[in-house]
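Trainee: please work out how this folds:
(chains A and B)
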Amino acid sequence: MDDLIHVAWLLAGILVAFTVVMTMVAYTVLAERRVLGFIQGRLGPNRVGPGGFLQPLADLLKFIFKEDIVPDKSTRFVYFLAPVIATTAALMTIVVYPFGPEIHLPIINKTIPLVVTRFDVALLYVLGVTSVGVYGIALAGWSSNNKYSLMGGLRSSAQMISYELALGLGLIGVILQSGTLDLYSIVEQQTGHLGVTGWNLIWAQPLGFLIYLIAAIAETNRVPFDLPEAETELVAGFHTEYSAMKFALFFLAEYVNMFTVSMLATTLFLGGWNGPFVHQLPWLGVFYFFGKVILFLFLYIWLRGTLPRFRFDQLMNFGWKFLVPLAIINIFLTATLQWSGALDYVNKFLKTSVGWGG
Amino acid sequence: MLALLFILFAGMAIGCAISMVAQRNPLYGAISLIGVFISLASLYVTLAAPFIAAVQVIVYAGAIMVLVVFVIMLLNVEEEERPTRLRSLVPIAVVLAAVLFAEAAFIIYFVQASPSTPTRNISDVGLTSSIGAGLFTTYLLPFEITSILLLMAVVGAMTLARTGGLLPPRGRRPRPSGLGQGRPGSAGRK
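Mentor: Residues are numbered from 1 along each chain as shown, chains lettered A, B, ... in the order given. Okay, here's the model as predicted:
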């Protein structure tokens, strides 16, 4: 019976997290089009609903009613499997992110932390599931039987393997400091004065943050690292032959991935739900968390509106010859500071269990 | 509950393994193998070893199999023909399979014959901190030796792949275009 109640709680948590993330993802697409329009001196979609507010709904309906075209010479099973893998891998990580601190639910009189499941190896789980996501793109490129798709798929696998390394190494600094892989504990450790001074970004991991940010943009195949779907060279890259809902799934996977790497950056470097007066008003934590995530999403869109695309050899050289050594230097620095006790010393002033205003 | 999950994931693992061996198309075989790895990782989670499960997915499903799929895609391997010249190996394969089954039966028999209760609390064995502590204290030497072995393998692969020496020849810069540029092993070749 206890088992069943536990499972029911888990399912409810997953449902809430799923709904929140999907809604925010839908509006990220709208925000991207509006902000890009603003950057390029035009309006963007503003006809459907007030200010274009219902545009995501219209897009969804359009995707559903579009004709579904399957290429004649495609490898059918893999062709259908690829978007499923991409979307599943993207969505599977949302269960480990702490959306907020412990919150007292008034009606059923229960205090729960706003995280679906706490997991000893949450960070490794995130890395593992993301690394499975590459199959979606690689197999899509292969099964479409189209040279542009194949090139896109190959590029993407090479790119994701390379930058996954830099990404993982960039995170080790944070792990060294916090001594845990559990995301909830990592957030709890970043409590400080006003809920701000304890953030990993400010006081010890600026380099790790930079490495993570760059590698994460490459992992999600976004500008300036959008080689797998470079329009000017590859039509649309790996999803050239996909239409209707199957294309929508790839589209969804890309934006969910953007969202999850933003959540991970917030959790590890920007103190997660920490902010001023969170301990007095726990619900504020949720707003702080999503506020920071939206900041990252805006950065993504901003970059897309600003930067040109890398060339493929530049991309590879940058990843292997610059980011990876930089990440190793960061690990070395963090380990030295940790070992010499310098970090603990700084810790005393910046971090509090519950400081004023924190 | 746990038994149900075990049956689900064990069934998936066995099904994927059979499919891996039976597939004619190498890419389907590779996908089945990924299925096996992921089911195995899920089994590790039910056995309270989340760290091993995560590493299983990251290393095997996320890194090694990506390379395998990558190679299959690059070479565009067609469906393999049924090899006739290996007919003579069938009896040996049967014997080896029989030995394997005998071993498994042997182990199951002995485990059932002498059911030993675990002597210490094993609930934290699979956790990250205990594995890390073990690797860097009790098993430090084997850990270091394994690291050196892996380093040797990496250097060996580099030397084998680059026939013209480890560094590209002076004065001639590699062409700045093409897919393979910048990945280890591709720059030294024509």
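
Trainee: for the stretch 251-358 of chain A, what spans make up the strands?
Mentor: Assigned by DSSP state E, counting those that start in this stretch, the stretch 251-358 of chain A shows no strands.

Trainee: which residues in chain B form helices?
Mentor: For chain B, applying DSSP state H gives helices covering B:2-22, B:26-46, B:50-55, B:65-75, B:90-113, B:128-136, B:140-161.

Trainee: so which of those helices is nearest chain A?
Mentor: Chain A lies closest to helix B:50-55 among these, at 3.6 Å (C-beta to the nearest C-beta). C-beta coordinates here come from the backbone N, C-alpha and C atoms, glycine included.

Trainee: ok, and what's touching the closest one?
Mentor: For helix B:50-55, contacts defined as C-beta atoms under 8 Å, 6 or more residues apart in numbering or on different chains pick out A:119-121, A:124-125, A:127-128, B:41-42, B:44-45, B:126-128, B:131.

Trainee: quick one: which two of those are the most distant?
Mentor: Largest separation among those by C-beta to C-beta: B:42 and B:131, giving 18.9 Å.

Trainee: these two: who's more crowded?
Mentor: residue B:42 (20 against 17; other C-beta atoms under 10 Å in any protein chain shown).

Trainee: just to revisit the earlier point, flag the least confident of the contacts of helix B:50-55.
Mentor: Lowest pLDDT of those: residue B:126, 67.

Trainee: nearest residue to residue A:217 other than its sequence neighbours?
Mentor: Nearest non-adjacent residue to residue A:217, counting by C-beta to C-beta, 6 or more residues apart in numbering or on different chains: residue A:225, 5.7 Å away.

Trainee: residues near the one you found, how many?
Mentor: Residues near residue A:225, counting by other C-beta under 10 Å, number 23.

Trainee: try the one 4 residues further on
Mentor: Using other C-beta under 10 Å, the number of residues around residue A:229 comes to 22.

Trainee: give me the neighbour count for the closest residue to chain B within the stretch 51-200 of chain A.
Mentor: Closest to chain B within the stretch 51-200 of chain A is residue A:131: 2.9 Å, counting by C-beta to the nearest C-beta. By the measure other C-beta under 10 Å, the count of residues near residue A:131 is 24.

Trainee: swap in the one 3 residues further on?
Mentor: In terms of burial, residue A:134 registers 27 neighbours under the definition other C-beta under 10 Å.

Trainee: pLDDT at it, what is it?
Mentor: For residue A:134, the model assigns a pLDDT of 84.

Trainee: would it count as being in a strand?
Mentor: No - Residue A:134 is assigned helix when assessed by DSSP: H, G, I helix; E, B strand; the rest coil, not a strand.

Trainee: is it correct that it is in contact with residue A:158?
Mentor: No - applying C-beta atoms under 8 Å, one finds residue A:134 not in contact with residue A:158, separated by 9.8 Å.

Trainee: show me what contacts the nearest residue to residue A:318 once chain neighbours are set aside?
Mentor: Nearest residue to residue A:318 in three dimensions, chain neighbours excluded: residue A:310, at 7.2 Å (C-beta to C-beta, 6+ apart). By C-beta under 8 Å, 6+ apart, the contact list for residue A:310 reads A:224-225, A:227, A:318.

Trainee: filter the contacts of helix B:50-55 to the buried ones?
Mentor: For the contacts of helix B:50-55, a burial check counting by 16 or more other C-beta atoms under 10 Å in any protein chain shown picks out A:119-121, A:124-125, A:127-128, B:41-42, B:44-45, B:126-128, B:131.

Trainee: surely residue A:103 is within a helix?
Mentor: No - counting by three-state DSSP, residue A:103 falls outside a helix, being strand.

Trainee: so how far is residue A:188 from it?
Mentor: From residue A:103 across to residue A:188, the span is 14 Å (C-beta to C-beta, to the nearest Å).
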